[in-house]
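Asks: Sequence and computational prediction follow.
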Amino acid sequence: MKYRQLGHSDLKVSVICLGTMTWGEQNTETDAHQQMDYAVANGVNFFDTAELYAIPPKEETYGETERCIGTWFNKRGKRDDIILATKVVGRSDWLDYIRGGRACLDRKNIEQALNASLKRLQTDYIDLYQLHWPDRNTNFFGKLGFEYDPQDVFVPIEETLGVMNDIIASGKVRYFGLSNETPWGTMSFLKVADEKNYPRPVSIQNPYSLLNRTFEIGLSEISHRENIGLLAYSPLGFGVLSGKYLNNAQPENARLTLFDRFDRYSNPQALKATEAYVNIARQNNLNPAQMALAYVNTRTFLTSNIIGATSMAQLKTNIDSVNIHLDDRVVEQIESVHTAIPNPSP
Ligand SMILES: NC(=O)c1ccc[n+]([C@@H]2O[C@H](COP(=O)([O-])OP(=O)(O)OC[C@H]3O[C@@H](n4cnc5c(N)ncnc54)[C@H](OP(=O)(O)O)[C@@H]3O)[C@@H](O)[C@H]2O)c1
């Protein structure tokens, strides 16, 4: 395993972070414990979860993933060996079962969410507390362009930062991070933090894969110059980049077969690009999923690549991507597909 510094924190995280959002839905608690055991035995020291999980979000499984991690800590007693990241939801009027449909990034909501996460996770501190998505109306979750809504009222960034300051001072949280953020949002958090002497975010968890490299446009420069590393999510585009959905295949028990609402990575352009990437992998004797993950692992702005797996075989393949070297010729071939079909899945 390889390790990188998490922003300005004193934490060194593994380049592979263990994603967890299938636990409690596609995976059982026993599966989850087996995944954590294997990942840790193979050098992974970084887990990413959220109050919202399991995915897809629903009332019956809300908090289930954190519960699986909590029981693992309780059994294994390895809390201090793990860098644990979780998240509080942003404004969520569409999730009526979370804090009565009034969840947002104000003090009351964040404090309530944090205390409940600590309880489910059976710990007294979170290493990295992330704001799952912005409170304001902006472009994320598949939305490429920004549409201005002059009526939009949102929790001021200064208020959210003040809460981050206090929960860090209390010892319940060590560092905080952003997620699904835009360049404007990221720079605004930094500016207000510096002005008010509040803590700066150490990371930004955004989508990044061969099917969505929009992070490179405005955020990669910010991430280098402001020392905020990318935690890349959905690095296989929900599994699409493994090639298993090509030729209209519907593999049994796979995410897109089970949940047809997930169409972010399976539009015609994404499938066309995927076919080209899979061909590059095959021509170069690479496993398509490992090639896609190795590309993410080797970006200069990347701190950690958050993989997801529903089987032990997938987990092994994905963790092993850290040992895959992509030679210049492969990277050139990848770049030419990206030029022809850029970012089909924002
Ligand atoms: N901040 C956010 O808003 C946000 C959003 C999404 C994810 N995340 C985080 O990022 C983590 C990873 O996201 P993700 O699950 O979307 O990542 P992903 O890598 O795009 O997709 C992972 C899924 O692809 C399939 N898969 C994985 N490895 C495979 C392989 N080698 N061959 C074939 N299929 C394979 C599995 O699903 P099937 O077996 O069902 O096909 C697996 O669950 C999540 O657990 C979560 O921690 C955060």
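Replies: Looks like it came in fine. Residues are numbered from 1 along each chain as shown.
Asks: so what's the residue at minimal distance from the centre of the chain up against?
Replies: Taking Cα atoms, centre = their mean, the centroid of the chain lies closest to Tyr233, which sits 3.5 Å from it. For Tyr233, the contact set (Cβ atoms under 8 Å, 6 or more residues apart in numbering) comprises Gly19, Asp48, Ser179, Gln205, Asn206, Pro207, Tyr208, Ile306. C-beta coordinates here come from the backbone N, C-alpha and C atoms, glycine included.
Asks: and Thr339, what element?
Replies: For Thr339, the element it lies in under DSSP states H and E is helix 328-340.
Asks: Quick check: mean pLDDT of that helix?
Replies: For helix 328-340, mean pLDDT is 98.
Asks: For it, what is the distance to the chain centroid?
Replies: Remark: helix 328-340 is offset 25 Å from the chain centroid, using Cα atoms, centre = their mean, to the nearest Å.
Asks: can you pull the buried residues of it?
Replies: Val330, Gln333, Ile334, Val337, His338 (16 or more other Cβ atoms under 10 Å).
Asks: So what's the residue count around the residue of the stretch 101-250 of the chain found nearest the ligand?
Replies: Closest to the ligand within the stretch 101-250 of the chain is Gly239: 2.8 Å, counting by Cβ to the nearest ligand atom. Other residues within reach of Gly239, judged by other Cβ atoms under 10 Å, total 23.
Asks: my guess is it meets Ala254, correct?
Replies: Yes - using Cβ atoms under 8 Å, Gly239 makes contact with Ala254 at a distance of 6.2 Å.
Asks: Give the residues shared as contacts by these two.
Replies: Tyr245.
Asks: so who does Gln26 touch?
Replies: So Gln26 contacts Ala54, Asn253, Arg255, Leu258, Thr310 (Cβ under 8 Å, 6+ apart).
Asks: 7 Å - rerun?
Replies: Applying Cβ atoms under 7 Å, 6 or more residues apart in numbering to Gln26 gives the contacts Thr310.
Asks: Run through the helices of the stretch 1-150 of the chain in chain order.
Replies: Secondary structure of the stretch 1-150 of the chain by DSSP state H, counting those that start in this stretch: the helices cover 29-41, 64-76, 107-121.
Asks: which one of those helices is the most hemmed in?
Replies: helix 64-76 (a mean of 20; mean count of other Cβ atoms under 10 Å).
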